[in-house]
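Asker: structural data only, the sequence is not supplied:
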Ligand code: B12
């Protein structure tokens, strides 16, 4: 990932909760450029990814993460004051996140990245209920809806928001870390297209809106029966994982300390497995396990905690072959 030279200074300002310094570093970087897009994508994005890694490694508390993110939200607002007036077009475009997705900053960064490229990009906030999204789309009739999804477990809700867009006859572009690095998941949840960042979305938007090229057709997400079966068994599976965590918690003080967190992580694991079935992509579940193993290792949990959880989960999925297979694929020692 490309980083501006001053990104280190920006991160140091975040580490000190020094809002003034952070605004200053970003402002000077923007002064040296014709547009704010590079400052967003090559300073704020890498800085926020590093913030996440420090929280994942428990080097930073969630309070540190929140304080840093709150400063970046302000910096993005300051940079937004430098944006050009949008190029006049018949309709705006909209950017938001599905219900259950609280990572609004990623969507806001995309909206500002597109504003920097001349689009009238309306950011509708995060965690937007589908019915309210529908009402807004019917009233405002934007040209294209862009949706950001960071949290893997939220992909089913993304499919729901995309359904609303199809009902409104609106083309869609999705992106964000939960959507992966190619269009496979985006098409599976019913989007017209996937884009990795604002620059690639700009190319699609120019083609669809300015050049009048029809977007590729969107196929509504098919809801696989095994996905429904897994979801119907969610609470049983979460209890099963929680019991295993409880049994493990006797083993180390760390496990005792993190008992409540383990139940939440068990629920997340089942939700991500379900999302993997919905998009038919075992990489989603496997990637989540890699994140989980690192997160638990940083909290001095026993190194075999993730494989121990999968050990009880897999047999409970015997009659959901794809779920059992995805779990089996992820059952291997993980070096963190
Ligand atoms: C701030 C933050 C939060 C804040 C969000 C506040 C806000 N206003 O956004 C809060 C506190 C709410 C939060 C909550 C959680 N978070 Co959080 N969070 C972060 C953090 C540190 C920064 C987010 C950010 O600034 N994103 C902006 C940039 C950095 O995101 P980006 O994906 O790179 O976006 C770019 C591209 O992906 C692309 N893009 C993104 N969306 C779209 C859409 C379109 C259409 C297009 C074209 C492109 C595009 O363009 C963007 C800009 O260039 C990330 C770290 C990270 N790596 O993202 C963790 C992170 C995403 N969170 C994480 C987790 C686990 C959680 C929680 C589950 C924690 C918990 N146990 O409760 C909850 C989940 C809540 C939920 N259901 O959404 C993990 C996810 C790991 C995983 N594999 O699942 C991360 C990676 C941290 C970590 N390293 O562990 N979080």
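Answerer: Everything's here; your move. Note that the structure is predicted; figures quoted are calculated from it, not measured.
Asker: in three-state terms, label residue 147 for me.
Answerer: Following DSSP: H, G, I helix; E, B strand; the rest coil, we place residue 147 in the strand state.
Asker: and for it, the neighbour number?
Answerer: Other residues within reach of residue 147 by the criterion other Cβ atoms under 10 Å amount to 29. The C-beta positions use only the backbone N, C-alpha and C, and glycine is treated the same way.
Asker: that one contacts residue 94, correct?
Answerer: No - applying Cβ atoms under 8 Å, one finds residue 147 not in contact with residue 94, separated by 9.1 Å.
Asker: confirm that residue 122 sits in a strand.
Answerer: Yes - counting by three-state DSSP, residue 122 falls inside a strand.
Asker: which ones are touching it?
Answerer: When contacts are counted by Cβ atoms under 8 Å, 6 or more residues apart in numbering, residue 122 touches 92, 93, 94, 95, 111, 140, 142.
Asker: pretty sure residue 121 sits against residue 95.
Answerer: Yes - with contacts defined as Cβ under 8 Å, residue 121 counts as touching residue 95 at a distance of 5.7 Å.
Asker: between these two, which one's more packed in?
Answerer: The residue with the greater number of neighbours, taking residue 121 and residue 95 and applying other Cβ under 10 Å, is residue 95; the counts read 32 against 27.
Asker: which SS class is that one?
Answerer: Residue 95, by the three-state scheme (three-state DSSP), is strand.
Asker: tell me which element residue 35 falls in.
Answerer: Assigned by DSSP states H and E, residue 35 falls within no helix or strand.
Asker: tell me the spacing between the closest residue in space to it that isn't next to it in sequence and residue 64.
Answerer: Spatially, and ignoring its direct neighbours in sequence, residue 35 is nearest to residue 116 (4.7 Å; Cβ to Cβ, 6 or more residues apart in numbering). Distance check for residue 116 against residue 64: by Cβ to Cβ, to the nearest Å, it reads 29 Å.
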